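Student: With the sequence up front, the predicted model follows.
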Amino acid sequence: MAENLYRLRFELEVRAEQHDALAEFCLSLVPDPRSARAPFHWLQRAAKHGLPEAQILLGTAYETGMWTDPDPQQALTWFTQAARQNFGPAQFELAAIYYEGRLGLSPTPQEALFWATLADKRQIPEAQELRTTLERSVTAGGLEEVKERLHRWNDHR
């Protein structure tokens with residue numbers, strides 16, 4: 001079995017060195033006996049190559065301090081990059097961040113509503129409940145601004 005794992009890791013590393021984001025992401029999910037920081041290295045590479053699953057996990061790493069020192073600005077950057085790719089889980093994460101005021105931000109219900117609405121359209125189960133809560137707390141003018149922003153978002157997709 002160890003030989004199979006070694007061969008799999010080797011094959012993934014060959015593909016990752018050719019900038020295969022999925023191989024990089026797979027390598028980030030398994031411990032590397034040669035280096036405790038290797039998973040973080042591969043995760044960064046997969047995120048930089050545009051894989052939204054890697055971007056949201058990298059955002060989580062920066063938010064929680066997993067594999068690295070906490071960095072709220074980097075966390076927000078990576079969550080946002082994944083969300084801009086229409087990745088529903090990242091859109092919901094941003095909605096929660098803006099709703100709860102995480103990462104050193106003040107709660108911003110209007111921004112949270114924008115992201116919750118997008119996440120709801122991606123059928124993220126928790127997004128509908130958050131969206132409903134936020135729609136009750138945002139002013140009429142704020143609701144109109146969110147609708148306009150959603151319209152512009154849809155025009156660019």
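Tutor: Looks like it came in fine. Keep in mind the model is a prediction, meaning the values are calculated, not measured.

Student: Go ahead and name everything in contact with the helix or strand containing residue 80.
Tutor: Applying DSSP states H and E as the criterion places residue 80 in helix 72-83. Outside helix 72-83, the residues that touch it by Cβ atoms under 8 Å, 6 or more residues apart in numbering are 47, 52-53, 55-56, 58-60, 62-63, 89-91, 93-94, 97, 103-105, 115, 118. C-beta here means a position set from N, CA and C on the backbone, and glycine is covered the same way.

Student: That helix: which residues count as buried?
Tutor: 74-83 (16 or more other Cβ atoms under 10 Å).

Student: Closest one of the residues you listed to residue 147?
Tutor: residue 83 (18.4 Å; Cβ to Cβ).

Student: returning to what we had before: of the contacts of helix 72-83, which belong to helices?
Tutor: 47, 52-53, 55-56, 58-60, 62-63, 89-91, 93-94, 97, 115, 118 (DSSP state H).

Student: tell me the mean pLDDT for stretch 105-115?
Tutor: Averaged over stretch 105-115, pLDDT sits at 97.

Student: Could I get the buried residue list for it?
Tutor: For stretch 105-115, by 16+ other Cβ under 10 Å, it's 109-115.

Student: Stretch 42-54 too?
Tutor: So for stretch 42-54, counting by 16+ other Cβ under 10 Å, buried means 42-49, 51-54.

Student: And the furthest pair within those?
Tutor: It's 42 and 52 that sit farthest apart of these, by Cβ to Cβ, at 15.7 Å.

Student: Now do the contacts for the most centrally placed residue in the chain.
Tutor: With distances taken as Cα atoms, centre = their mean, residue 56 lies nearest the centre of the chain, 2.3 Å away. Counting by Cβ under 8 Å, 6+ apart, residue 56 touches 78-79, 82, 87, 89-90, 93.

Student: end-to-end on stretch 79-89?
Tutor: 9 Å (Cα to Cα, to the nearest Å).

Student: Tell me how far that stretch lies from the chain's centre.
Tutor: Between the centre of stretch 79-89 and the centre of its chain there are 6 Å (Cα atoms, centre = their mean, to the nearest Å).

Student: can you check stretch 49-61 too?
Tutor: Relative to where its chain is centred, stretch 49-61 has its mean C-alpha point 5 Å off (Cα atoms, centre = their mean).

Student: And the contacts of stretch 95-109?
Tutor: Under Cβ under 8 Å, 6+ apart, the answer for stretch 95-109 is 63, 72-73, 75-76, 79, 111-116, 119, 127, 130-131, 134, 137-138, 142.
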